[in-house]
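In: curious how this folds, go ahead:
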Amino acid sequence: MKTLGFRKIGKYEYGATFDKAVYQRLETECHVTFSIHPSDYPLCGLHFEKRSPGKLTFEKQYLLEDCDLESLFNTLASDLEEGEIVP
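Out: The predicted structure is shown next:
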């Protein structure tokens, strides 16, 4: 996210079954949530949201059932680098 001009805002949110961070560039925010238990979030894996002035403009779920944890993060990083997620 840093190489795309984003900076982390606020504190990391930690729960027993999830971690969450918010990144910002100008008026665009990206919310990244990692969840490992369906009691907090319905799907396990990485959840990515892009918001521009408060409105959800893009959302993508990377599921743990589709691959292992390392592949999940590699796929997210690849999508970011290739511009699929954030122009």
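
In: could you use CA atoms for every contact and neighbour count after this?
Out: Will do.

In: tell me who's in contact with residue 58.
Out: Residues near residue 58 by Cα atoms under 8 Å, 6 or more residues apart in numbering: 49-51, 85.

In: pLDDT score for the residue of the chain most remote from its centre?
Out: Each residue of the chain has a distance to the centre, and by Cα atoms, centre = their mean the biggest one is for residue 39: 18.6 Å. In this model, residue 39 is scored at 73, pLDDT.

In: name the nearest residue to the residue positioned nearest the centre of the chain, sequence neighbours excluded.
Out: Geometric centre of the chain, nearest residue: residue 32, 2.4 Å, by Cα atoms, centre = their mean. In space, and not counting its chain neighbours, residue 32 is closest to residue 48: 4.8 Å by Cα to Cα, 6 or more residues apart in numbering.

In: follow-up on the earlier one: which secondary structure state is assigned to the residue nearest to the centre of the chain?
Out: Counting by DSSP: H, G, I helix; E, B strand; the rest coil, the backbone at residue 32 sits in strand.

In: what residues are bridge-paired with it?
Out: residue 21, residue 48 (DSSP bridges).

In: quick one on the thing from earlier: tell me how many other residues surround the residue nearest to residue 32.
Out: Around residue 48 there are 19 other residues, counting by other Cα atoms under 10 Å.
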